[in-house]
Every structure is written in structure tokens, then in C-alpha cells.
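In: Following is a predicted model, sequence given first.
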Amino acid sequence: MTNQVGIDMNSDSENDELLQYNPNRLLDTLIENLRLKNDAALSRALEVAPPVISKIRHHRLPVGASLLIRMHEVSDLSIRDLRYLMGDRRAKFRISDKQFKPKDKDNSVGAE
């Protein structure tokens, strides 16, 4: 099965470079598909500051959900394809159960 950008999503090669996290592949594909010149033009198209693209390229900032959604809106590529391009192969996203538990009364601020 190939996706919208022509990548065989059924490839199971162990040495496949697509299995490693690489946001540069995602950014380069967006630049190519949108027919942009460089990262500055991509930042304008995505309506983010140019340092955001630079930080993503240098692995100092992850591609967040809101940016991924914006990439989807601008490029018409599916979220799945965008995640695949950057090397994210998770089938499910799990949220820690600690995020939804109320704080203990003993550890709350101002408790005596």
C-alpha cells in the first residue's frame, strides 16, 4: 500500500531509513510538495516563526500536534502520512493516568 506521497507503507526492511525519527524528511517533503524555496517560506506558509522550523530541524523542538494539524491543512496530506514521513509509527497515543488524577490533599499548596 502506498500513501499520498508515494511511500510504500508495508515495507518491513530493518535498515529502512523511514523507521527512524527524522523531522527533516517531513519538512523537506512539505517544501517540495508546496513548491517553496526554503524554510523561511515554509514558516510563512505554516504561519509559525522561522526559529520554530530551525529548532525542529535540529531536533531541539518536537513537531507538536497543533503544527502537525497546520501542516495537514496547508498540504492536504493526511496526518498519518505526515507522521509516517517524520518516522512516527505509533498506532496509539497513550496519556498518563496521572494527568487526570486530583492532587493529594497532603501535598497541596497551603495545606497545614
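Out: Nice, thanks for sending it over.

In: contacts and neighbour counts: CA atoms only from here.
Out: Fine.

In: isn't residue 74 right up against residue 47?
Out: No: the pair residue 74 / residue 47 is not scored as a contact, 10.0 Å apart, by Cα atoms under 8 Å.

In: which residues are in contact with both of those two?
Out: When contacts are counted by Cα atoms under 8 Å, 6 or more residues apart in numbering, the set common to residue 74 and residue 47 is empty.

In: residue contacts, the residue nearest to residue 30 when sequence neighbours are not counted?
Out: In space, and not counting its chain neighbours, residue 30 is closest to residue 75: 7.0 Å by Cα to Cα, 6 or more residues apart in numbering. Shown in contact with residue 75 (Cα under 8 Å, 6+ apart): 30, 33, 34.

In: Same list, these, but as CSV with neighbour count and secondary structure please.
Out: Listed next are the contacts of residue 75 as CSV, based on neighbours: other Cα atoms under 10 Å; DSSP: H, G, I helix; E, B strand; the rest coil:
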residue, neighbour count, secondary structure
30, 21, helix
33, 13, helix
34, 15, coil
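
In: Thanks a lot, see you next time.
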